[in-house]
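In: build me a model from this:
(2 chains)
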Amino acid sequence: DIQLTQSPSFLSSSVGDTVTITCRASQGISTYLAWYQQKPGKAPEVLIYAASTLQSGVPSRFSGSGSGTEFTLTISSLQPEDIATYYCQQLKSHPRTFGQGTKVEIK
Amino acid sequence: EVQLVESGGGLVQPGGSLRLSCAASGNSFSSYSMNWVRQAPGKGLEWVSFISYRSSTIYYSDSVKGRFTVSRDNAKNSLYLEMNSLRAEDTAVYFCTRDYEFWSGSYYYYYMDVWGKGTTVMVSS
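Out: Numbering: from 1, shown residues only, chains lettered A, B, ... in the order given. Predicted coordinates for the structure are as follows:
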């Protein structure tokens, strides 16, 4: 099975800051990676797929990059509504594992 | 816009059974593969099961293999998860998700583009 390790597990930043979350895969997954945002009490929503493609309707301050085993999700100019937990997921093979999540808070 | 609505969750004793359902709106259900994903209280997301659009391909996580059975009825726009031999560690919110397939021009990519709100399963005596 492919393991995904996200870092950090928690981060606290100020409004307007640029935030970067890393997701590392235990083996190469090309660009078969998606990022999801989950707000408290809500279902997750997709932000990014194919490692760097922004889902329709998602603000352009979100971006993704990477290939192989290392990926990043960047939020440029953090907004109060971005408070959430973010998960990466690999879709290269089954089981379609998720990272453990990164909780983002406003400082 | 497609909506997914899960039902069937509840309180069940260890060793018991439960059947979850996921009803999809719209008329495109039969064209998409589907998944079940769960989230234990205060924990992260765990993928549970996948079923292709014609039910020809099915996968399970090791944690539920042999105990859970996924199925679908395309005529009823519905997805199911039959859960047997339930354990305390199966306690979670269960989400059904649509598997979107995207052709980049070179490769197929996948992601879960629609999620239901979830149904809660609690396994406790």
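In: which parts of chain B sit against chain A?
Out: With C-beta under 8 Å from any C-beta of the partner chain as the criterion, chain B meets chain A at residues B:35, B:44-47, B:50, B:59, B:61-62, B:95, B:100, B:102, B:104, B:107, B:109-113, B:115-118. Heads up, the C-betas are built off the backbone N, CA and C, glycines and all.
In: filter the residues you listed down to the buried ones.
Out: B:35, B:44-47, B:50, B:59, B:61, B:95, B:100, B:109-113, B:115-116, B:118 (16 or more other C-beta atoms under 10 Å in any protein chain shown).
In: those residues in strands, which ones?
Out: B:35, B:45-47, B:50, B:59, B:95, B:100, B:109-113, B:115 (DSSP state E).
In: any idea which of the residues you listed is the one closest to residue A:91?
Out: residue B:110 (4.4 Å; C-beta to C-beta).
In: ok, the closest one touching residue A:32?
Out: Yes - Residue B:110 lies in contact with residue A:32 (C-beta atoms under 8 Å); the separation is 7.4 Å.
In: what is in contact with those two at once?
Out: Common neighbours of residue B:110 and residue A:32, counting by C-beta atoms under 8 Å, 6 or more residues apart in numbering or on different chains, are residue A:91.
In: count of neighbours near the closest residue to residue A:38 other than its chain neighbours?
Out: Excluding the flanking residues, the one nearest residue A:38 by C-beta to C-beta, 6 or more residues apart in numbering or on different chains is residue A:44, at 4.2 Å. When neighbours are counted by other C-beta atoms under 10 Å in any protein chain shown, residue A:44 registers 26.
In: report pLDDT for residue A:44.
Out: Among the per-residue scores, residue A:44 shows a pLDDT of 98.
In: tell me the contacts of it?
Out: Contacts of residue A:44 (C-beta under 8 Å, 6+ apart): A:36-38, A:87, B:45, B:95, B:112, B:115.
In: low pLDDT regions in chain B?
Out: Chain B contains no residues with pLDDT under 70.
In: which residues outside stretch A:87-95 are in contact with it?
Out: Residues contacting stretch A:87-95 (C-beta under 8 Å, 6+ apart): A:1-2, A:4, A:6, A:21, A:23, A:25, A:29-30, A:32-36, A:38, A:44, A:71, A:73, A:96-99, A:101-102, B:44-45, B:47, B:50, B:59, B:61-62, B:109-112.
In: now that stretch: buried residues?
Out: Buried residues in stretch A:87-95 (16+ other C-beta under 10 Å): A:87-92, A:94-95.
In: now for those: which two are most distant?
Out: Most distant of these, by C-beta to C-beta, are A:87 and A:94, 17.2 Å apart.
In: residue ranges of the strands in the chain, please?
Out: Because you didn't say which chain, this covers chain A. A:4-7, A:10-13, A:19-25, A:33-38, A:45-49, A:53-54, A:62-67, A:70-75, A:84-90, A:102-106.
In: should've been chain B
Out: B:4-7, B:10-12, B:18-24, B:33-39, B:45-51, B:58-60, B:68-73, B:78-83, B:92-103, B:108-115, B:119-123.
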